[in-house]
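# just a sequence and a predicted model for now, questions to come.
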Amino acid sequence: MRYFAGIDWSDTSGHAVAVIDTHGHVVAEAHIEESPEGVAELLRLLSGVSRRRRSIPVAIETSRGLLVGTLRAHGQPVCAINPMSAARYRTRLTPSRKKSDPSDARLLANIIRGDAHLHRALWSPSPQAGAVNTLARAHLDAVRDQRALANRLRSSLREYYPSALSAWAHLPDNILRPEARAVLALAPTPTRAARLTQRQIATALTAAGRRRQVDDHTARLYAHFRIRTLRQPPAVEAAMGARTAAVLGQLDQACRATDAITTHLQTPSPHIPRPRPISASPASEPSSAPGSSAR
């Protein structure tokens, strides 16, 4: 007889647990807290159902968190079920979409009972691999936030300040460049950009990290921002500039966060061993075949 477990996790009210057998009959249910005592209670429940506790897969609607990590550390197979998949299973069984914690725990257990071949258990990484995985996910999230804010900034500038978009369009990263953000922070409206002096532009470029061709870029931006373009009414332009300044501040924070995580990923850590270099071809051994030394 095989058994399957489901956990309907909650942020506030604890977690509902249900264990079913091969025929779908509920053999055990419980409500546990996310604590060492709660995990111990869950492991005792699974051990009471089957002596082969580690053969009972546990379905839950997340692949992260302390509960998932602790179960994997105890050797318990955990299957992460996508919440959208669980919602569609629920609709198939209960068209009214009525849900509760115990019924959702039974639903998750039934998902892996019927479709176990479609839901692979999460792999159990080493602490070093887990650290790299966490940093990689954090970097991906930071890059996504950065891109979303950059798109918001582009959309805002397109409405009243197209010269800001074209000023760095020919350079990599466009308005994501530190120098572009520095100049836009100094002049978030075309009116203020047209009043910038060459000294102010050069100071902003230097403070943003540019070291080469500062004079050339200063002259180019100085002339570019003085080209006549269509303008919004002054009051509307000032309001849009305030909105741009707010988005720009968020973008600066997102860029700093991305840079910090990137630096952390590239910095050697004593807890993460460095991989050994792999040679392009296996080391050759002395050969006793005739003529091998000549070859």
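Happy to help now that I have it. Numbers count the residues shown, from 1 in each chain.

# who's in contact with stretch 235-253?
For stretch 235-253, contacts defined as C-beta atoms under 8 Å, 6 or more residues apart in numbering pick out 146, 149-150, 152-153, 156-157, 159-161, 176, 181, 184-185, 188-192, 231-232. Every residue, glycine included, has its C-beta placed from N, CA and C.

# in the helix or strand hosting Ala138, what's buried?
Element membership for Ala138, per DSSP states H and E: helix 127-160. Under the neighbour-count criterion of 16 or more other C-beta atoms under 10 Å, helix 127-160 has 135, 138-139, 142, 145-146, 149-150, 152-153, 156-157, 160 buried.

# ok now it, how far from the chain's centre?
Remark: helix 127-160 is offset 8 Å from the chain centroid, using C-alpha atoms, centre = their mean, to the nearest Å.

# over to stretch 101-110?
A distance of 28 Å separates the centroid of the chain from that of stretch 101-110, by C-alpha atoms, centre = their mean.

# could you do stretch 149-161 as well?
Mean C-alpha position of stretch 149-161 versus that of the full chain (C-alpha atoms, centre = their mean) differs by 24 Å.

# name the residues that touch it?
Defining contact as C-beta under 8 Å, 6+ apart, one finds that stretch 149-161 is touched by 164-165, 175-176, 188-190, 193, 231-232, 236-237, 240-241, 243-244, 247-248, 250-251, 254.

# what does His15 show for phi and psi?
Dihedral pair for His15: phi -120, psi 130, per degrees, to the nearest 10.

# now do Val58
Main-chain torsions, Val58, degrees, to the nearest 10: phi -120, psi 120.

# relative to Gly6, how far out is it?
In this structure, Val58 lies at 7 Å from Gly6, with C-beta to C-beta, to the nearest Å as the measure.

# wait, Tyr222 touches Ile201, no?
Yes. Here Tyr222 reaches Ile201: they are 5.9 Å apart, a contact under C-beta atoms under 8 Å.

# so which of the two has more stuff around it?
Comparing Tyr222 with Ile201 by other C-beta atoms under 10 Å, the one with more neighbours is Ile201, at 24 against 18.

# and that one, helix, strand or coil?
In three-state terms, and counting by DSSP: H, G, I helix; E, B strand; the rest coil, Ile201 is helix.

# what's the per-residue pLDDT of it here?
pLDDT recorded at Ile201 is 95.
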